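In: Build me a structure from this.
(chains A and B)
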Amino acid sequence: MATVTANIPHRARRLDPGRVLLYSIAVAVLLVIVVPLSFSVLGGFRSNAQLAADPVGLPNPWVWTNYQTTLSDPAFYQWVRNSVLIALGTTILVLPAASLAAFVIARYRFRGREVVYALFTLGLLFPVAVAILPLFITLRQTGLLNSALGIALPQAAFGLPLSIVILRPFFRSIPRDLEDAAAIDGCGPLRFYWSVMLPLSRPVLSTIAVLTIVGSWNAFLLPLLVLTKPEQWSLPLGINNISAQYVTDTAAILAYTTVAMIPALIFYFIAQRQIVSGLTAGGVKG
Amino acid sequence: MVFGFLLPALILYGVFVLYPITQSIRYSGYDWNGLAPLTDWVGLQNFMDAFADPDFIEAIQHNFIIIGLSLALQIPFAISLAVLLSRKLKGRGLFRTMYFAPFILSEVVTGVVWRQIFRPEGLFDVMLGSVGADSLSREWLADPGIALYSLFFVISWKYFGLHMVLIMAGLQTIPDELEEAASIDGATWWQGFRYVTLPLLGPTIRVSIFLSIIGALQLFDLVWVTTKGGPVNATATMATYLVDWGFRRGQFGYASAVSVIIFVLSLFVALLYQRFVLRRDLEGALTG
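Out: As a prediction, the model looks like this:
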């Protein structure tokens, strides 16, 4: 990045009306993004009276009680723990299942290979909503309602298509020679998968893990219908409930929401590269 | 050997994706509350009821209005910003990071915050007032004539960054030399963009449009959090209609018929789009 900047021709840096216009547009859009977020952050520092009188400027005086309430609410930590558990469970289920399947689909010829692959890619089109009623019945029959596993299993299943679609071309691109050499050394398919493929695929696997975690962390529909007990709620369910329960207490709602936002934003700033590369992986094959 | 490797994925996928979808089809033929034994076979009655219910027809229309608005406004907006940020602006990395940030927030967080902003005399109204536009202030989420468009605004706020990032990645695959050559040949910036860059961006834009359509057909979370489909069904979508009938009114058979309709409609739109628009450039492109 630094070298690119250094190479900018001198004329590009000069202030001209065109650039001023471009910057104005860029900053205006930035404000549209930042204002709602900072409204939430600062709103948590206001009283409801302040919010009604002047929701725009800085809080005067700063009110700490909303955030104190949120941060000392054991239910809040419980929801975070549940969400973490569900996200980890989903990831642990999807990574081996998807990588094993993508591995054989990418590298071995067998009857019905294309059918299996097509079946998985078709899954990209199915929203959870389409399967939600029978899924609910299945989870009820197997006693998985109100459990983290009851969310993680279906989420992992619905995450397979995207993961396999991202993994297959990557696995395919690993040279055949490598496998031949490994075979000469007496290394079977499982060993090859484990000792050669997986270590080589670490970047793409971490991309999948990141996308899975983000998807699970933000999931709403499935948890909404499956997790009915407050102590089992995931964070989005908890926040949604807070916003319904404290209808008139906007400041409290904003404090909860802001604190709920923070883990996702931190995760985004750390894992931005994986998120963007994962989403654009197939998108620009052109 | 092959089968053993496929087994975990196939079991997971079979039990939690394929089997439920086939069960939806089965349930859709019954009048069923989800608890009693499945005995009350009604044939296609549920489907006929759904298509005879003006609320459901309206919900389908809402999904398609969101699709239309996304294609007409959100995608062109995302393309413009991608082109803007592909120029050598100082701080473009920061702009990109921030524009994409809402995509990472959950629909619940997004919905809850915007519901507060759109409250009567909330932040949105106050800001309108501060530029002297008080008269424009409305019941943004409570006025049936406006709520759907307010929601579309929030959807765009959350998702334009995704499309922008996709298109920026597409722009990177186009060599600068092409636009330079056009400008040496005397093309204006706009001509270079219109006749060189845009056609080369075609595949990326088509994928973006596809994701947008699929997303709009499935729209649920944001609506449920902000308006629950109200006021008076003004923001209901196919998915909120399904959850409403299945889980709030306990009509599992009927709601299953609705889910089959969503499924068939999504599949139909996707196949149609794939067949006539995406053709070859889709392979592996459905990420997101």
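
In: Just say helix, strand or coil for the residue most central in space within chain A.
Out: Central residue of chain A (CA atoms, centre = their mean): residue A:214, 1.4 Å from the mean position. Here residue A:214 is recorded as helix under DSSP: H, G, I helix; E, B strand; the rest coil.

In: Return the distance of it relative to residue B:221.
Out: 14 Å (CB to CB, to the nearest Å). Where C-beta positions appear, they are placed from N, C-alpha and C, glycine not excepted.

In: same question, residue B:77
Out: Computed as CB to CB, the residue B:77 to residue B:221 distance reads 22 Å.

In: which of these two has more neighbours?
Out: More neighbours surround residue B:221 than the other of residue B:77 and residue B:221, with 22 against 16 (other CB atoms under 10 Å in any protein chain shown).

In: I'd say the more buried one and residue A:215 touch.
Out: No. Counting by CB atoms under 8 Å, residue B:221 does not reach residue A:215; the two are 11.9 Å apart.

In: And residue B:12, how far from chain A?
Out: 5 Å (CB to the nearest CB, to the nearest Å).

In: need the contact list for that residue.
Out: Contacts here follow CB atoms under 8 Å, 6 or more residues apart in numbering or on different chains; on that basis residue B:12 touches A:93, A:97, A:153, A:156, A:157, A:160.

In: what pLDDT does the residue nearest to residue B:251 when sequence neighbours are not counted get?
Out: Nearest non-adjacent residue to residue B:251, counting by CB to CB, 6 or more residues apart in numbering or on different chains: residue B:245, 4.9 Å away. Residue B:245 is assigned a pLDDT of 95 by the prediction.

In: what does the one 4 residues further on give?
Out: Per-residue pLDDT puts residue B:249 at 93.

In: From residue B:243, how far off is it?
Out: Taking CB to CB as the measure, residue B:249 falls 10 Å from residue B:243.

In: In terms of neighbours, single out the busier of these two.
Out: Higher neighbour count among residue B:249 and residue B:243: residue B:243, with 24 against 12, using other CB under 10 Å.

In: I'd like the distance between the more buried one and residue B:235.
Out: 14 Å.

In: repeat for residue A:117
Out: Distance from residue A:117 to residue B:235, by CB to CB: 38 Å.

In: do the same with residue A:18
Out: In terms of CB to CB, residue A:18 sits 40 Å off from residue B:235.

In: Comparing these two, which shows the higher neighbour count?
Out: A direct count of neighbours by other CB under 10 Å for residue A:18 and residue B:235 places residue B:235 higher, at 28 against 10.

In: for that one, what are its contacts?
Out: B:62, B:147, B:148, B:151, B:223, B:226, B:227, B:229.

In: I'd say the residue nearest to residue B:251 and residue B:255 touch.
Out: Yes. Using CB under 8 Å, residue B:245 is in contact with residue B:255, at 4.4 Å.

In: okay, those two: which has more neighbours?
Out: Legend: neighbour count by other CB under 10 Å for residue B:245 and residue B:255, higher for residue B:255 (28 against 24).

In: Report pLDDT for that one.
Out: Looking at residue B:255, its pLDDT is 96.

In: Contacts only, for the closest residue to residue B:8 other than its chain neighbours.
Out: Counting by CB to CB, 6+ apart, residue B:8 lies nearest to residue A:97, which is 4.2 Å off, once chain neighbours are set aside. Contact partners of residue A:97, counting by CB under 8 Å, 6+ apart, are A:156, A:160, B:8, B:9, B:12.

In: tell me which of those is nearest to residue A:223?
Out: Closest to residue A:223 out of those is residue A:156 (14.3 Å), distances taken as CB to CB.

In: helix, strand or coil for that closest one?
Out: For residue A:156, the secondary-structure state derived from three-state DSSP is helix.

In: My guess is it contacts residue A:96. True?
Out: No. Here residue A:156 lies out of contact with residue A:96, judged by CB under 8 Å, at a distance of 9.9 Å.

In: Compare these two (neighbour count), which wins?
Out: Neighbour totals were compared for residue A:156 and residue A:96, and residue A:156 leads with 27 against 13 (other CB under 10 Å).

In: OK, contacts around that one?
Out: Contacts for residue A:156 were tallied using CB under 8 Å, 6+ apart; they are A:89, A:90, A:93, A:94, A:97, A:212, B:12, B:16.

In: could you say which helix or strand contains the fifth one?
Out: In the assignment (DSSP states H and E), residue A:97 maps to helix A:74-107.

In: List the buried residues in that helix.
Out: Buried residues in helix A:74-107, counted by 16 or more other CB atoms under 10 Å in any protein chain shown: A:76, A:78-80, A:82-91, A:93-95, A:97-107.

In: ok, now stretch B:23-39?
Out: Those would be B:23, B:24, B:27, B:28, B:29, B:30, B:31, B:32, B:34, for stretch B:23-39 by 16+ other CB under 10 Å.

In: Kindly reformat those as JSON lines and extend each row with pLDDT, distance to residue A:60 and secondary structure.
Out: Shown next, in JSON lines, are the buried residues of stretch B:23-39 (pLDDT from 0 to 100; distance: CB to CB, whole Å; DSSP: H, G, I helix; E, B strand; the rest coil):
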{"residue": "B:23", "pLDDT": "92", "distance to residue A:60": "58", "secondary structure": "helix"}
{"residue": "B:24", "pLDDT": "92", "distance to residue A:60": "55", "secondary structure": "helix"}
{"residue": "B:27", "pLDDT": "94", "distance to residue A:60": "57", "secondary structure": "helix"}
{"residue": "B:28", "pLDDT": "94", "distance to residue A:60": "58", "secondary structure": "coil"}
{"residue": "B:29", "pLDDT": "94", "distance to residue A:60": "63", "secondary structure": "coil"}
{"residue": "B:30", "pLDDT": "93", "distance to residue A:60": "61", "secondary structure": "strand"}
{"residue": "B:31", "pLDDT": "92", "distance to residue A:60": "60", "secondary structure": "coil"}
{"residue": "B:32", "pLDDT": "92", "distance to residue A:60": "58", "secondary structure": "coil"}
{"residue": "B:34", "pLDDT": "85", "distance to residue A:60": "53", "secondary structure": "coil"}
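
In: just those residues now: which is nearest residue B:175?
Out: Set against residue B:175, the nearest of the buried residues of stretch B:23-39 by CB to CB is residue B:24 (48.1 Å).

In: Span of stretch A:215-233 from start to end?
Out: Taking CA to CA, to the nearest Å, stretch A:215-233 runs 16 Å from one end to the other.

In: Wait, a strand at residue A:109?
Out: No. Going by three-state DSSP, the assignment for residue A:109 is coil, not a strand.

In: neighbours around it, how many?
Out: 7.

In: next helix or strand past the longest helix seen in chain B?
Out: Identified as the longest helix of chain B according to DSSP state H is helix B:147-172. Going down the chain from helix B:147-172, the next helix or strand is helix B:176-184, by DSSP H and E.
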